[in-house]
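J.: Provided below for reference: sequence and predicted model.
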Amino acid sequence: MNSISELRRILGTCKTIAIVGLSPQWHRPSFFVAKYAQAHGYRVVPVNPSATQILGEPCYPSVTAAAQALAAQGQKIDMVDCFRRTEDIGPIADEAIAIGAKCLWQQIGVVNEEAAAKARAAGLDTVMDRCVKIEHARLFGGLNWAGVNTKVISSRRPQQLPY
C-alpha cells in the first residue's frame, strides 16, 4: 500500500510517462488519463504497436523502442504506466527495469504482485490498482478539472426539473 507522501513524491518526480496500452480512441480510459497528464505538464509517450501517433506524440511498439527513441533526444522515461491485463505485466516490468525507469505503475484493476516484487527488487517504485489521473487530481488539486466540482452534489433539496 502506497502512502500519500510516496504517491506525491512519485507523481512529483516522474515527468515522462510511457503509457503501455494507450488507446487512440478518445472515449477509452487510457486516452483520458494521457490527455489529463499532458494538460498537467507531463510528457506522455504512447506505447501501442497498432498506432502511429496518439495525442500528437509518436507511438512506439514497446517500452524499449520508446526508451531508445527518447535516449536519442537526450531524454529518459521516468514511469511506465500499464493499461494492460494483469498477466501481461511481467514482460513490461522487465522492460521498465532494463530501461532504468523510476516507477512501474499498474492501473486500476491491474495487480501483478510478482512483477511488482521484481521491480521493487531492482529499485523501482511500484504502484498497483491505482489511476495516475485520479491520484494526481486527489493529491495536487485537480478534482475540479476532472468534473467533481460540478455543483451536482449539494446538501440542498433538489429543485423540480423543468421537463
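T.: Structure received. Numbers count the residues shown, from 1 in each chain.

J.: residue ranges for the helices of this structure, please.
T.: Using DSSP state H, the helices of the chain run over residues 4-13, 29-39, 63-72, 89-99, 113-121, 132-140.

J.: need the pLDDT of Arg138.
T.: Arg138 carries a pLDDT score of 87 in this model.

J.: what's around it, how many residues?
T.: Applying other Cβ atoms under 10 Å, we find 18 residues neighbouring Arg138. For every residue, glycine as well, the C-beta is placed using N, CA and C.

J.: circling back: which of the helices of the chain sits closest to Pro49?
T.: Of all these, it is helix 63-72 that lies closest to Pro49, at 9.2 Å by Cβ to Cβ.

J.: helices or strands next to the closest one in the packing?
T.: In terms of contacts (3 or more Cβ pairs under 8 Å, 6 or more residues apart in numbering; DSSP states H and E), helix 63-72 is packed against strand 16-20, strand 43-47, helix 89-99.

J.: tell me the buried residues in it?
T.: Val63, Thr64, Ala66, Ala67, Leu70 (16 or more other Cβ atoms under 10 Å).

J.: now the angle from that helix to helix 89-99?
T.: Per axes from the mean of the first three to the mean of the last three Cα atoms, to 10 degrees, the angle that helix 63-72 makes with helix 89-99 is 20 degrees.

J.: what lies in contact with helix 63-72?
T.: 16, 18, 20, 45, 47, 58, 60, 76-77, 80, 92, 95-96, 98-99, 101 (Cβ atoms under 8 Å, 6 or more residues apart in numbering).

J.: export that helix as CSV, just CAs?
T.: This file holds the C-alpha atoms of helix 63-72, laid out as CSV (Å, rounded to 0.1, in the frame of the first residue of the first chain):
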residue,chain,number,x,y,z
VAL,A,63,8.8,0.4,-23.9
THR,A,64,12.3,-0.5,-25.1
ALA,A,65,11.7,1.2,-28.5
ALA,A,66,10.3,4.3,-26.8
ALA,A,67,13.2,4.5,-24.4
GLN,A,68,15.7,4.2,-27.3
ALA,A,69,13.9,7.0,-29.3
LEU,A,70,13.9,9.3,-26.2
ALA,A,71,17.6,8.5,-25.4
ALA,A,72,18.5,9.7,-28.9
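
J.: so where is the protein shaky, pLDDT-wise?
T.: 142-163 (pLDDT under 70).

J.: repeat that with 50
T.: 145-147, 149-154, 163 (pLDDT under 50).
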